[in-house]
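*Asks:* okay, here's the prediction I keep looking at, along with the sequence it came from:
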Amino acid sequence: QVQLVESGGGLVQTGGSLRLSCAASGRTFSNYHMGWFRQAPGKDREFVAACNWNCGRTTYADSVKGRFTISRDNAKNTLYLQMSSLKAEDTAVYYCAAGWDIATLTAPYDYWGQGTQVTVSS
């Protein structure tokens, strides 16, 4: 089992920045590929970014490419999502997930956090 706890969400103005964190505990963090997903009200959960065990390989949704950066610190058992140039459409609950593949779909991820709210106001 892996427990994941997100933090760092909040209210930010359009064009601003936030850094989300995802603290992991339980099994060895570096064994897992990690991803970020988000879900806006009334919409399906969508892929944001993912990276392999050391973030030597990353992938991003087109909507966030060039604005968001995923990273991880295996020594601290923590995943990050640096978000900049935020837009109103980035408003959502953001979830981190641990799994066995760098996937843009939710199915390959076995463990999920509870989510953190990001609200971007214009």
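*Replies:* Structure received.

*Asks:* what ranges does this protein have for its helices?
*Replies:* In the chain, no helices are defined using DSSP state H.

*Asks:* any stretches of the chain with poor pLDDT?
*Replies:* Of all residues in the chain, none has pLDDT under 70.

*Asks:* ok, the closest residue to residue 5 other than its chain neighbours to residue 38 distance?
*Replies:* Spatial nearest neighbour of residue 5, excluding adjacent residues (Cβ to Cβ, 6 or more residues apart in numbering): residue 23 at 4.9 Å. Every C-beta, even on glycine, is put in place using the N, C-alpha and C of the backbone. According to Cβ to Cβ, to the nearest Å, residue 23 and residue 38 sit 18 Å apart.

*Asks:* neighbour-wise, which of those two wins?
*Replies:* residue 38 (24 against 16; other Cβ atoms under 10 Å).

*Asks:* tell me the contacts of that one?
*Replies:* Neighbouring residues of residue 38 by Cβ atoms under 8 Å, 6 or more residues apart in numbering: 45, 46, 48, 90, 92, 93, 94, 95, 118.

*Asks:* ok, the fourth one to residue 111 distance?
*Replies:* When you say that, I think you mean residue 90. With Cβ to Cβ as the criterion, residue 90 and residue 111 are 24 Å apart.

*Asks:* looking at these two, which has the bigger crowd around it?
*Replies:* residue 90 (22 against 17).
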